[in-house]
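[1] no FASTA, just this:
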C-alpha cells in the first residue's frame, strides 16, 4: 500500500474523505505512512486469525461445553441454563 494510490474526495455534505484507488476502501483520515502501515497490519491480522477465535467473541460460551460436564446430561432443546 502506498499513499500515492489515494484520492481526496468530498461527500454530499462537503466533508473530505479519501479513497484508495487500488482496494476501493475509504477513510476519513488523511493517508500517511503510519496510517498505511497500521491498515496493512490490521488486514494481515484479520486474514491470519483462526476461525476458532471468532467463536470466542461471544459473551456466553456455547451451552454444549457446559452440558458435557453435567452429570444429569444436557437440557432439552430450546432450554437454557
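    Ah, there it is. This structure is a prediction, so every number in the text was calculated from the model and none was measured.

[2] Report pLDDT for the residue of the chain positioned farthest from its centre.
    Farthest-out residue of the chain from its mean C-alpha position, per C-alpha atoms, centre = their mean: residue 72, at 38.8 Å. With respect to pLDDT, residue 72 has a value of 78.

[3] measure it to residue 41 for me?
    As defined by C-beta to C-beta, to the nearest Å, residue 72 lies at a distance of 48 Å from residue 41. (Glycine included, C-beta is placed from N, CA and C.)

[4] Quick check: which ranges of this structure have low pLDDT?
    1-3, 50-68, 81 (pLDDT under 70).

[5] Tell me which residue lies nearest the centroid of it.
    Short answer for the chain (C-alpha atoms, centre = their mean): residue 46, at 6.6 Å.

[6] Provide the secondary structure category for it.
    Here residue 46 is helix, with the state taken from DSSP: H, G, I helix; E, B strand; the rest coil.

[7] Kindly list the main-chain dihedrals of the residue farthest from the centre of the chain?
    Note on residue 72: backbone dihedrals following degrees, to the nearest 10 are phi -90, psi -10.

[8] This protein: strands as residue ranges?
    Under the criterion DSSP state E, the chain carries strands at the ranges 6-10, 16-20, 26-27.

[9] Which of those sits closest to residue 78?
    Comparing the strands of the chain against residue 78 with C-beta to C-beta, the closest turns out to be strand 26-27 (43.2 Å).

[10] Which elements pack onto that closest one?
    Under the contact criterion of 3 or more C-beta pairs under 8 Å, 6 or more residues apart in numbering; DSSP states H and E, strand 26-27 touches strand 16-20.

[11] Check the offset of the strand it packs on from the chain's centre.
    20 Å (C-alpha atoms, centre = their mean, to the nearest Å).

[12] Fine by me, thanks again.
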